[in-house]
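**Student:** Whatever this is, show me its structure:
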Amino acid sequence: MSAILDLDQCKVELDAVIASGIFAKAPSLALLLEYVCAKYFEGQANQIKEYNIAVEALGRPPSFDPRQDSIVRVEAFRLRKRLKQFYEKEGAERPLQIVIPSGQYVPQFVTNLPAIANGNGHCDPVMDESVALTVACPAVDRPLAFSAAPPEILPGEQRRPTSRRQAALMLGVPLAAILAGGVWYFRSQAPPKETGAPRLAAVPLGSESEEVRIACGSPAGRLVDRLGNVWMGDRFFRGGSVFATPGHSIWGTSDPELFRSQRQGDFTYDIPLRPGVYELHLYFAETLYGENNTAGGGESSRLFRVTINDKLVLSAFDVISDAGGSNTADERVFKDVSPAADGMLHVRFAGLVNNVPFLNALEVVPGIPGKMRPIRILARPRNYADSRGRLWGADRYFSHGTSVPRSEPVANTPDPEIFQGERFGNFRYVIPVADGHYTVTLHFAETWFGPGKPGGGGPGSRLFDLYCNGVALLRNFDIYRAAGGPQRATEKSFRGITPNAQGKIVLSFVPVVNYACVNAIEVVDDGS
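**Tutor:** Have a look, this model is predicted:
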């Protein structure tokens, strides 16, 4: 017999696995699963290789050598084990199952034999153990047909008799929802209990991950942001209480859900970390004070101090002033952060003159000694790993302008995919960075004006100015003239850029003739 699965069924199954909590302490495994599924759905199963997984999904450098580093094999084994445990317990009755066969990385979808769910939520018996599955997939030229076969045994496991339940039917699974942006998976759990005495709401970090992302005050077990990063519910805190504004509009972010809960009061986060150098990101949005907010007021309505391992890093910090308004996402970055002698990173928030400090989210990621990690932004809704193995994140930190896809090939570049998206209009990017000096590189291609193009014209059809923190970097810039014609890549680099007093690099694109535009932005720490 044959069975037909549509794409929505596949998405539902992947969502259910991700939302189940089996990766709560292993976000890297969730990202690994999401990466291989996305590649398969895009028709790039031949690109699901050990090197690509290491560099694009697990953050290894381009110099990664699979002969010397077994990280992909180890993580894949752990992923298979987690999936097996899920489907043996809480996922045992699900009509579909995800399988990563031993020795392979290409994902498969498996019907949960001996029953296939029908439209009424019941299961019809399967009369034949050999089942053909046809999948209509828009990413390939023709339907894909697979024959049933049991998954391979994981190392260290005992083989059990093959049953109909274990027979596999394979299918690639997409993760467009996470990479396309604006989509959050939300799984409710009981909120942390608040008591008068400080307590450590800690879940041991163990050896699962070197990254920590906390949605402060959030009862959610798991949140996934537009870039595919996994944020856990509130933990590692002492003191303070939860304040939430679930329906609030938040400007300046593609992930407003992250700013709709907060921990407030005098409180500390004590985060267990392995020895090493890290980068700390603190996220704020003032939703109590300011224009159109409950408490009114504005600048100076709330001031507080922040210390890292007892070192003062923010004094008389005013979120409204720092962000440029209330209900606006604000981010502060600190490089060269390390755990204290007790193995903990202590981040303390203390109010000034009866003011109540707060924090919406906290992120700790492995750092580079003396430098901030590079920031690479594409004016498109999904991440991309370039020909050098560098990861470019989806569009963020922008205000105003319009994002549009561009499909025609661009010459004069080893990575034409970088130019498959464009932000145009009168817009700006407010990019948070740590103290230091940076090289800012902007990537352009004229895809609208020129002979045979939709806008016609040629040189001089588009002119605009570029300002960085109020200082002009380009005047009457003409992409067409700089690149030598349409559909050709060109770039402009500026060294020695320093952040403003709010820790931001503000890039303003101001039209002169027609709209300003940009395809990608790169910010690299000069190390000084």
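
**Student:** going forward, measure contacts between C-alpha atoms and count neighbours the same way
**Tutor:** Noted.

**Student:** all strands for the stretch 251-400 of the chain, in order.
**Tutor:** 261-272, 278-284, 304-308, 311-317, 330-337, 344-351, 358-359, 361-366, 375-378, 384-385, 391-392, 398-399 (DSSP state E, counting those that start in this stretch).

**Student:** If you count contacts, what does the third one end up packed against?
**Tutor:** In other words, strand 304-308. strand 311-317, strand 344-351 (3 or more CA pairs under 8 Å, 6 or more residues apart in numbering; DSSP states H and E).

**Student:** how distant is the longest one from the center of its chain?
**Tutor:** Spelled out, that is strand 344-351. 25 Å (CA atoms, centre = their mean, to the nearest Å).

**Student:** same for it, what does it pack against?
**Tutor:** In this structure, strand 344-351 packs against strand 261-272, strand 304-308, with contacts taken as 3+ CA pairs under 8 Å, 6+ apart.

**Student:** Likewise for the shortest one?
**Tutor:** Using 3+ CA pairs under 8 Å, 6+ apart as the contact criterion, the neighbours of strand 311-317 among helices and strands are strand 304-308.

**Student:** Run the angle between the strand it packs on and strand 330-337 for me.
**Tutor:** 30 degrees (axes from the mean of the first three to the mean of the last three CA atoms, to 10 degrees).

**Student:** let's number from 21 now, not from 1
**Tutor:** Sure, I'll start numbering at 21, so the last one becomes strand 324-328.

**Student:** tell me the average confidence for strand 324-328?
**Tutor:** Averaged across strand 324-328, pLDDT comes to 98.

**Student:** tell me the angle it makes with strand 281-292.
**Tutor:** Using the same axes, to 10 degrees: strand 324-328 against strand 281-292 is 20 degrees.

**Student:** what lines up beside strand 324-328 in the sheet?
**Tutor:** strand 331-337 (antiparallel), strand 364-371 (antiparallel) (DSSP bridges).

**Student:** send the alpha carbons of the shortest one over as PDB?
**Tutor:** What follows is strand 331-337 as a C-alpha-only set of coordinates in PDB (Å, rounded to 0.1, in the frame of the first residue of the first chain):
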ATOM      1  CA  LYS A 331      33.000  45.100  38.800                       C
ATOM      2  CA  LEU A 332      30.700  48.100  38.000                       C
ATOM      3  CA  VAL A 333      29.900  48.100  34.200                       C
ATOM      4  CA  LEU A 334      26.700  50.300  34.100                       C
ATOM      5  CA  SER A 335      26.200  53.100  36.600                       C
ATOM      6  CA  ALA A 336      22.900  55.200  36.700                       C
ATOM      7  CA  PHE A 337      21.700  53.200  33.800                       C
END
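
**Student:** From Ala235, how far out is Leu323?
**Tutor:** 22 Å (CA to CA, to the nearest Å).

**Student:** neighbour count winner among the two?
**Tutor:** Between Leu323 and Ala235, counted using other CA atoms under 10 Å, Ala235 has the larger neighbour count: 29 against 21.

**Student:** Tell me who's in contact with that one.
**Tutor:** Ala235 is in contact with 243, 251-254, 278, 281-282, 380-382, counting by CA atoms under 8 Å, 6 or more residues apart in numbering.

**Student:** ok, 10 Å please
**Tutor:** Contacts for Ala235 (CA atoms under 10 Å, 6 or more residues apart in numbering) come out as 241-243, 250-255, 277-283, 303, 379-383.

**Student:** Most tightly packed of the strands of the stretch 271-420 of the chain?
**Tutor:** strand 378-379 (a mean of 26; mean count of other CA atoms under 10 Å).

**Student:** Within its sheet, name the partner strands of it and how each one runs.
**Tutor:** strand 281-292 (antiparallel).

**Student:** circling back to that earlier point, possible to save the strands paired with strand 324-328 as CSV with mean pLDDT?
**Tutor:** Formatted as CSV, the strands paired with strand 324-328 follow (pLDDT from 0 to 100):
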stretch, mean pLDDT
strand 331-337, 97
strand 364-371, 97
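
**Student:** do you know which of these lies nearest Met392?
**Tutor:** Smallest distance to Met392 across these (CA to CA): 16.3 Å, for strand 331-337.

**Student:** And that closest one, how far out from the chain middle?
**Tutor:** 28 Å.

**Student:** Show me where the protein dips below the pLDDT cut-off.
**Tutor:** Applying pLDDT under 70 to the chain flags the ranges 21-28, 133-229, 548.

**Student:** Where is the longest helix in it?
**Tutor:** Scanning the chain for the helix with the most residues, using DSSP state H, yields helix 91-108.
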